[in-house]
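Chemist: 3D, please:
(one chain, ligands or ions: 2)
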Amino acid sequence: MTHHELPASMIRAKDTVGTTAGYMPGFGNDFETEALPGALPQGMNSPQRCNYGLYGEQLTGTAFTAPSHQNERTWCYRIRPSVKHSSRYSKIDLPYWKSAPCVDPDVISLGQYRWDPVPHGEGLTWLTGMRTMTSAGDVNTQVGMATHIYLVNESMVDSYFFSADSELLVVPQEGKLRFCTELGVIDIEPQEIAILPRGLVYRVEVLEGPCRGFVCENYGQKFDLPGRGPIGANCMANRRDFKTPVAAYEDREVPSTMTIKWAGQFHSCKIDQSPLDVVAWHGNYCPVKYDLKTYCPVGSILFDHPDPSIFTVLTAPSGVEGTANIDFVLFRERWMVMEDTFRPPWYHKNIMSELMGNIYGQYDAKPQGFIPGGVSLHNMMLPHGPDRDAFDKASYSELGPEKLDNTMSFMFETRFPQHLTAFAATEAPLQDEYIDCWSTIEKKFDGTPGKK
Ligand SMILES: O=C(O)Cc1cc(O)ccc1O
Ligand SMILES: [Fe+2]
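Modeler: Ligands and ions are numbered 1, 2, ... in the order given. Modelled structure (predicted):
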């Protein structure tokens, strides 16, 4: 199958005006889409009998009574209601996919850590290839998050999944994936991201493998676009660059498995048909993809290095204003023009904890050692900053306008301390010597004035 063809069973809405390649533009829009003409009821949600013999079903992403500007829900018109599965749920084990609280007494999380890319494996799917690196907060109280690396080289076949615990922010680094979801099909590749909402059923197929990437599993309030404040109505991530798929459905009766992540545990049940049978839907609770190359960075244009919050793509609020459960922050290509300024990140200690991943190229604070596919963790209040080489180069170079090219890294930043899993501490390729990158930093102070 070439990656432009849909699975034979999947019937997708015809592209209509305003859609490109099966996607509708916008973030948080109220969309409507139908794969068969007239499948979507107009002017009401629950007709006595739906067209085509479809069943109406609502999926809520916020409490019924959430404030109306935050309320999210989608109405699905499907071949069968989701509740039609053919067995009870039974517990299964996915030992590498962990949930908070996951605090292993033998693992030390206090520290500065860095990993090389986790190597690809054999026969790994979206479910068996998920490797939790860190977790924070508590999945049961819907606070915090987990970070994962996925290693996927096999498609899910007659197998479906949803997470009741979380929405998943997916950041590919290698390979191309297809998410066949109840609400339509999303293809993503490196330099794109996708958000899969809590409760949405999908199957993950490999379009071009092997695939590796990063996942932020958000237990809390949903990701949203940050307020831009005085920046105004444009730049950073723009709403129109987010894409939601048009309706697509399968009418396929084959013995299949549904796996559910629920309160940190995994269960599966049998289902006699594809659950991706939503023929039409309308609403604002839906999956979305975004091309990171459309992120318009705004920065300092005279002097000084602003806080990295200037590069926030998405923010998941915690309830405390301005203090995110998670910020997703992007360090991409940009011009550096600041005069008389130490341009890379300053040395710092941060109350938030910072997990970073490299999508491609070189990160300015760490020209060596932090390689594409690699991860670093600078946990709550633990000091970090440029390595010795980056410091020297930035302190003594001739400053003029300079294009920071060949660079795309990101940060999952949370208000909570992140706890390493046993996998991160003992199985993943941890760089034991990481903190040595700062050990040769010199004392320059000798009591005499002047720049040294
Ligand atoms: O630690 C890091 O490299 C991430 C980061 C980047 C930056 O420009 C400012 C602060 C910060 O934590
Ligand atoms: Fe930092």
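
Chemist: From here on, just use CA atoms for contacts and neighbour counts.
Modeler: OK.

Chemist: Now the residue in the chain that ligand 1 sits nearest to: which helix or strand?
Modeler: Per C-alpha to the nearest ligand atom, residue 345 is where the chain lies closest to ligand 1, at 4.0 Å. Under DSSP states H and E, no helix or strand contains residue 345.

Chemist: what about the protein, any weak spots by pLDDT?
Modeler: 1-6, 8, 14-21 (pLDDT under 70).

Chemist: Report the central residue of the protein.
Modeler: The chain has residue 169 as the residue nearest its centroid, 1.9 Å off, counting by C-alpha atoms, centre = their mean.

Chemist: isn't it right up against residue 198?
Modeler: No - using C-alpha atoms under 8 Å, residue 169 makes no contact with residue 198, being 10.7 Å away.

Chemist: which residue sits closest to the residue nearest to the centre of the chain, ignoring its sequence neighbours?
Modeler: Leaving aside its sequence neighbours, residue 169 sits nearest to residue 195 (C-alpha to C-alpha, 6 or more residues apart in numbering; 4.6 Å).

Chemist: can you pull the contacts of the one you found?
Modeler: Contacts of residue 195 were listed using C-alpha atoms under 8 Å, 6 or more residues apart in numbering, and they are 167, 168, 169, 170, 287, 288, 289.

Chemist: Which ones, among the residues you listed, also lie beside ligand 1?
Modeler: Applying C-alpha under 6 Å from any ligand atom to the contacts of residue 195, one finds that nothing falls near ligand 1.

Chemist: Dump these into a markdown table; add secondary structure as well.
Modeler: As requested, the contacts of residue 195 are exported to a markdown table (DSSP: H, G, I helix; E, B strand; the rest coil):
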| residue | secondary structure |
| --- | --- |
| 167 | strand |
| 168 | strand |
| 169 | strand |
| 170 | strand |
| 287 | coil |
| 288 | strand |
| 289 | strand |
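
Chemist: Let me know the closest of these to residue 319.
Modeler: Sorting the contacts of residue 195 by distance to residue 319 puts residue 167 at the head of the list, at 17.2 Å, by C-alpha to C-alpha.

Chemist: I figured the closest one was touching residue 194, is that so?
Modeler: No - counting by C-alpha under 8 Å, residue 167 sits too far from residue 194 to count as a contact (10.3 Å).

Chemist: OK, contacts around residue 89?
Modeler: 267, 268, 269.

Chemist: between these, which has the most around it?
Modeler: residue 268 (20 neighbours; other C-alpha atoms under 10 Å).

Chemist: name the element the closest residue to that residue other than its chain neighbours belongs to?
Modeler: Counting by C-alpha to C-alpha, 6+ apart, the nearest residue to residue 268 once its immediate chain neighbours are dropped is residue 259, at 4.2 Å. Here residue 259 sits within strand 256-262, counting by DSSP H and E.

Chemist: again with residue 113
Modeler: strand 112-115.

Chemist: roughly how far apart are residue 126 and residue 215?
Modeler: 11 Å (C-alpha to C-alpha, to the nearest Å).

Chemist: who touches both of these two?
Modeler: residue 150.

Chemist: Tell me which of those two has more neighbours.
Modeler: residue 215 (24 against 21).

Chemist: Confirm the more buried one sits in a strand?
Modeler: Yes - using three-state DSSP, the assignment for residue 215 is a strand.

Chemist: Angles on the backbone of residue 233, please.
Modeler: phi -90, psi 0 (degrees, to the nearest 10).

Chemist: How about the contacts made by it?
Modeler: Taking C-alpha under 8 Å, 6+ apart as the test, residue 233 contacts no residue whatsoever.

Chemist: give me the number of residues near the residue lying closest to residue 71 once chain neighbours are set aside?
Modeler: Distances taken as C-alpha to C-alpha, 6+ apart put residue 62 closest to residue 71, at 5.7 Å, once the chain neighbours are dropped. Neighbours of residue 62 under the rule other C-alpha under 10 Å: 15.

Chemist: need the contact list for residue 62.
Modeler: Counting by C-alpha under 8 Å, 6+ apart, residue 62 has contacts 70, 71, 72, 73.

Chemist: same thing with residue 120?
Modeler: 151, 152, 210, 211, 212.

Chemist: residues from this structure in reach of ligand 1?
Modeler: 307, 308, 345, 385.

Chemist: And stretch 81-98, how far out from the chain middle?
Modeler: 23 Å (C-alpha atoms, centre = their mean, to the nearest Å).

Chemist: Distance of the residue nearest to residue 268 relative to residue 172?
Modeler: For residue 259, the distance to residue 172 - C-alpha to C-alpha - is 22 Å.

Chemist: Between the two, which has more neighbouring residues?
Modeler: residue 172 (24 against 21).

Chemist: Specify the beta-bridge partners of that one.
Modeler: residue 213 (DSSP bridges).

Chemist: ok, it touching residue 208?
Modeler: No - if you go by C-alpha under 8 Å, residue 172 and residue 208 don't touch, sitting 11.8 Å apart.

Chemist: Could you please name the strands the host helix or strand of residue 411 pairs with and the direction of each pair?
Modeler: Assigned by DSSP H and E, residue 411 falls within strand 407-414. Using DSSP bridges, strand 407-414 pairs in its sheet with strand 323-331 (antiparallel), strand 353-361 (antiparallel).

Chemist: who touches the first one?
Modeler: The one in question is strand 323-331. 143-145, 218, 220-221, 308-309, 311-318, 407-416.

Chemist: Show the buried residues in those residues.
Modeler: Neighbour counting with 16 or more other C-alpha atoms under 10 Å marks 143-145, 218, 220-221, 311-318, 407-416 as buried within the contacts of strand 323-331.

Chemist: for residue 411, what are its contacts?
Modeler: 327, 328, 329, 330, 354, 355, 356, 357.

Chemist: I'd like to know the beta-bridge partner residues of the closest residue to it other than its chain neighbours.
Modeler: Nearest residue to residue 411, sequence neighbours excluded (C-alpha to C-alpha, 6+ apart): residue 356, at 4.2 Å. Going by DSSP bridges, residue 356 is paired in beta bridges with residue 376, residue 411.

Chemist: Residue 356 contacts residue 379, doesn't it?
Modeler: No - Residue 356 lies out of contact with residue 379 (C-alpha under 8 Å); the separation is 10.8 Å.

Chemist: higher neighbour count, those two?
Modeler: Each of residue 356 and residue 379 has its neighbours counted (other C-alpha under 10 Å); residue 379 has more, 26 against 22.

Chemist: Distance-wise, check that one relative to residue 420.
Modeler: Residue 379 is 10 Å from residue 420, by C-alpha to C-alpha.

Chemist: Could you do residue 99 as well?
Modeler: 11 Å.

Chemist: what is in contact with those two at once?
Modeler: Common neighbours of residue 99 and residue 420 (C-alpha under 8 Å, 6+ apart) are residue 135.
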